[in-house]
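Engineer: Return atomic coordinates for the entry below.
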Amino acid sequence: MQINTMHRCITILTVLFLLTAPTALFAANEPAWIYGTYENVVKYWTYCNPKDTSETCHCENGKVSADGVCHDQNVNHLEISKTQERWRPVNVKLFFIGGNGHMCQYEGVGWWMPEQERVTVFSEFVQTDYESCSITVIFNNRRKIQVVTRDRFECQNYCGVHAGMDGVILKKKK
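Structural biologist: I've put the predicted structure just below:
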């Protein structure tokens, strides 16, 4: 009789766990502080030697070095916003600039991983032949993040030759 009662209790607890566990595991539990714009100022170079081309050099600072290089700066930009999707509630868009003015542009959706304080995102470029690119946005603290790509070569399709997104550190814009 006692074994039968214990068996019922275990069965009831198992059913309750199975009914509530999926809700707890897949609930939109990402904290509001992850959302926003993250930036950093980046210095980059542009090759601009009028002796080699018929084009006129246009440097931001107005001067071309002796070796035909302009040194400029711009802002890398990453935006994290909420989506309407239940299973992948986080959207990430980034625009980074690298050498010779080459750029990275990426957009993807993913989810918050609370135990690791990071967002994992997968690209969804439907209109291109690019392979899927997976990035992770690691939150070092609430004001600073780092972008890490799972496979640099897979994600290079989203960037120009002299640009990349792996290892870039950005601060939250106030």
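
Engineer: Looking at this structure, which strand is longest?
Structural biologist: strand 69-82 (DSSP state E).

Engineer: give me the low-pLDDT residue ranges for this structure?
Structural biologist: Low-confidence segments of the chain (pLDDT under 70): 1-28, 49-64, 66, 124-131, 152.

Engineer: need the contact list for Lys93.
Structural biologist: By Cβ atoms under 8 Å, 6 or more residues apart in numbering, the residues touching Lys93 are Leu78, Glu79, Ser81, Tyr106, Glu107. (Each C-beta comes from the backbone N, C-alpha and C, glycine too.)

Engineer: tell me which of these is nearest to Leu170?
Structural biologist: Leu170 lies nearest to Leu78 out of those, by Cβ to Cβ, at 5.5 Å.

Engineer: Distance check, that closest one against Arg150.
Structural biologist: Noted for Leu78: a distance of 17 Å to Arg150, by Cβ to Cβ, to the nearest Å.

Engineer: okay, the two: which has more neighbours?
Structural biologist: Shown here are Leu78 and Arg150; by other Cβ atoms under 10 Å, Leu78 has more neighbours (24 against 14).

Engineer: SS state for Cys155?
Structural biologist: At Cys155 the chain is in helix, as set by DSSP: H, G, I helix; E, B strand; the rest coil.

Engineer: What are the boundaries of the helices in the protein?
Structural biologist: Counting by DSSP state H, the chain has helices at residues 2-26, 152-155.

Engineer: Which other helices and strands does the last one contact?
Structural biologist: Right, helix 152-155. When contacts are defined as 3 or more Cβ pairs under 8 Å, 6 or more residues apart in numbering; DSSP states H and E, helix 152-155 packs onto strand 134-141.

Engineer: now the angle between strand 69-82 and the strand it packs on, please.
Structural biologist: 90 degrees (axes from the mean of the first three to the mean of the last three Cα atoms, to 10 degrees).

Engineer: so what strands line up beside strand 134-141?
Structural biologist: Sheet pairing here is set by DSSP bridges, and for strand 134-141 it gives strand 118-123 (antiparallel), strand 144-149 (antiparallel).

Engineer: Present those strands as a markdown table; the columns should include mean neighbour count and distance to Val92.
Structural biologist: Converted to a markdown table, the strands paired with strand 134-141 look like this (neighbours: other Cβ atoms under 10 Å; distance: least, Cβ to Cβ, whole Å):
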| stretch | mean neighbour count | distance to Val92 |
| --- | --- | --- |
| strand 118-123 | 21 | 5 |
| strand 144-149 | 20 | 9 |
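
Engineer: what would these look like in CSV with distance to Tyr44?
Structural biologist: Formatted as CSV, the strands paired with strand 134-141 follow (distance: least, Cβ to Cβ, whole Å):
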stretch, distance to Tyr44
strand 118-123, 24
strand 144-149, 17
